[in-house]
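Asks: what follows is a predicted structure for the sequence shown.
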Amino acid sequence: MSENHTNQPHDEYLDATGLNCPLPVLKTKLALNRMQPGEILRVDATDPHSIIDFKAYCARSGHEIIHLNDTEKVITFFIKHNKQD
């Protein structure tokens, strides 16, 4: 994972700011379900536990956090949709 890539190209955007666990991950799962393998979802979140939650979700689902930018107020994730067999 890399830091400070807020201009990373992405296919979809999800604003999960202001939402607390488990909503950011649930909304991310729904968004990824509508996407195609290889596409990238950008998610902005403010829940400080979202880093742990997103890492666990991606480990279980096979998707990949390709960039993570953690600022004082917003955590930005770039998640690559990986095809699940």
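Replies: Done, it's in.

Asks: contacts for stretch 38-49?
Replies: Residues outside stretch 38-49 that contact it (CB atoms under 8 Å, 6 or more residues apart in numbering): 8-21, 24, 28, 31-32, 35, 53-54, 66, 73-81, 83. Where C-beta positions appear, they are placed from N, C-alpha and C, glycine not excepted.

Asks: and the helices in this structure?
Replies: Using DSSP state H, the helices found in the chain span residues 23-33, 50-61.

Asks: sketch out the low-pLDDT regions of the protein for me.
Replies: Residues of the chain meeting the criterion pLDDT under 70: 1-6, 84-85.

Asks: can I get the helices of the chain in TSV with mean neighbour count and distance to residue 44?
Replies: Shown next, in TSV, are the helices of the chain (neighbours: other CB atoms under 10 Å; distance: least, CB to CB, whole Å):
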stretch	mean neighbour count	distance to residue 44
helix 23-33	17	9
helix 50-61	16	10
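
Asks: Serialize these to a markdown table and add fields for distance to residue 43.
Replies: Formatted as a markdown table, the helices of the chain follow (distance: least, CB to CB, whole Å):
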| stretch | distance to residue 43 |
| --- | --- |
| helix 23-33 | 5 |
| helix 50-61 | 8 |
